[in-house]
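Novice: Turn this into a model:
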Amino acid sequence: MEFSQVDVQSLAARIEKLESANRRWKSASAIALLFVLSLLLLSTRHAERVAAAARPDRVERDVLRVRTVEAQDFVLKDDEGHVLARLSLSPQVDVKKRGGAYLLPKDGASPGQAALQFYNDKGEVLWTAPSAAELLPAR
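Specialist: Numbers count the residues shown, from 1 in each chain. As a prediction, the model looks like this:
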């Protein structure tokens, strides 16, 4: 069986078209496989989050539950960063005044004495406890 030159050229052209179609199918299959795998991974991740949320010992994102916290200052701020309250060992106003200096409260609370202070919108002390300076016992 002899092939003519025209038959060989037409077969070569058909084989080239089939190979390019085969490459397109392989690329499309690889992309579809990656898409299906990513969906599976995302769904398992979502299932893990749902299972973690159902646990009774789950800690909420903005809540930290501990038995002991040690600090020298506890500062309560709003969303804009304004100080609303402070529990500290060195009572002071947390915002700078016109002169640029930090000021001690007017009521006489002394540094080293535990104090609870509440502030207004301007950063001025509204209320301090204890309201008067007291003598501290020597250790």
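
Novice: okay, now the domains of this protein?
Specialist: Each domain of the chain is listed here as a residue range: 1-56, 73-129, per automatic domain parsing.

Novice: Would you mind finding the most buried of those domains?
Specialist: Among the domains of the chain, ranked by average contacts under mean count of other Cβ atoms under 10 Å, first place goes to domain 73-129 (a mean of 14). Where you see a C-beta, it was placed from the backbone N, CA and C, and this is true even at glycine.

Novice: as a whole number, average confidence for it?
Specialist: Domain 73-129 shows a mean pLDDT of 70.

Novice: cool, stretch 33-50 as well?
Specialist: Predicted confidence along stretch 33-50 averages 88 (mean pLDDT).

Novice: how about it as PDB, C-alpha atoms only?
Specialist: Extracted C-alpha coordinates of stretch 33-50, given in PDB (Å, rounded to 0.1, in the frame of the first residue of the first chain):
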ATOM      1  CA  LEU A  33      -9.200  20.000  38.400                       C
ATOM      2  CA  LEU A  34      -7.600  22.900  40.200                       C
ATOM      3  CA  PHE A  35     -11.000  24.600  40.600                       C
ATOM      4  CA  VAL A  36     -12.600  21.500  42.000                       C
ATOM      5  CA  LEU A  37      -9.700  20.900  44.400                       C
ATOM      6  CA  SER A  38      -9.900  24.500  45.600                       C
ATOM      7  CA  LEU A  39     -13.600  24.200  46.200                       C
ATOM      8  CA  LEU A  40     -13.000  21.000  48.200                       C
ATOM      9  CA  LEU A  41     -10.300  22.600  50.300                       C
ATOM     10  CA  LEU A  42     -12.500  25.700  51.000                       C
ATOM     11  CA  SER A  43     -15.400  23.500  52.000                       C
ATOM     12  CA  THR A  44     -13.300  21.500  54.500                       C
ATOM     13  CA  ARG A  45     -11.900  24.700  55.900                       C
ATOM     14  CA  HIS A  46     -15.400  26.000  56.400                       C
ATOM     15  CA  ALA A  47     -16.500  22.800  58.000                       C
ATOM     16  CA  GLU A  48     -13.500  23.000  60.500                       C
ATOM     17  CA  ARG A  49     -14.600  26.600  61.400                       C
ATOM     18  CA  VAL A  50     -18.200  25.500  61.900                       C
END
